[in-house]
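**Q** output the structure for:
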Amino acid sequence: MCGICLQPLEDKKPCVSALRENADAYERLDCHPECWKNTPRDWEPFSVWEGEYEAPAPAEDKREPVRKETAENLLRRLIALEDPAMRNVMYVLAVMLERGKQLVERDAKPHESGGILRVYEHKKSGDTFVVLDPRLRLDQIGEVQQQVVALLSGTRALGDAQAELVQTS
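**A** Now for the predicted structure:
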């Protein structure tokens, strides 16, 4: 549904998506290109992109391999936790999902920490993920990959991984 005129968005038709930065969150607005162009705004978007609206698939078509679903669920939980110690893990998960064609990068902006804020869109659900690219060094990647594998395989609980990261920081 268009966030401006409240009319339905049509499958395979152009759509404008904008991300608005609020005090403590990001708000996404999807709308018809004409509505975006013709509606005055008293705010500047954090990120804007144009694409083709894809109507949600029927429930039976949403079956995905367990591994991808687990990586997505883990990324969602980590983003909700807002734990800076897990930023490397969140970034690696986002890259995995991007390479698996589940996430599409829509924008990237420099961050005050020296990293890059990357805006991803979930291809099927349209959800937006804002993930900090911490600019990992090559010597850090192996350790982060091990953490990701341990979390995805269930051999390490999320709380244990967080505690371990705090102790080694």
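**Q** what about the residue nearest the centre of the chain, distance to Arg41?
**A** Centroid check for the chain by C-alpha atoms, centre = their mean gives Phe129 as the closest residue, at 2.0 Å. Applying C-beta to C-beta, to the nearest Å, the value for Phe129 to Arg41 is 23 Å. (C-beta placed from N, C-alpha, C; glycine too.)
**Q** now do the strands in the protein.
**A** Assigned by DSSP state E, the chain shows strands spanning 14-21, 26-31, 47-52, 103-110, 116-122, 128-133.
**Q** the first one: how far from the chain's middle?
**A** Right, strand 14-21. Remark: strand 14-21 is offset 14 Å from the chain centroid, using C-alpha atoms, centre = their mean, to the nearest Å.
**Q** quick revisit: per-residue confidence at the residue nearest to the centre of the chain?
**A** Phe129 is assigned 93 on the pLDDT scale.
**Q** what sits against it?
**A** Leu75, Ile79, Ala94, Leu103, Val119, Tyr120, Glu121, His122 (C-beta atoms under 8 Å, 6 or more residues apart in numbering).
**Q** out of those residues, flag the one nearest to Leu6.
**A** Glu121 (21.5 Å; C-beta to C-beta).
**Q** helices of the protein, start to end?
**A** Along the chain, the stretches classed as helices by DSSP state H are 33-38, 66-81, 87-99, 138-153, 158-168.
**Q** which elements pack onto the fourth one?
**A** It refers to helix 138-153. If you count contacts as 3 or more C-beta pairs under 8 Å, 6 or more residues apart in numbering; DSSP states H and E, helix 138-153 packs onto helix 66-81, helix 87-99, helix 158-168.
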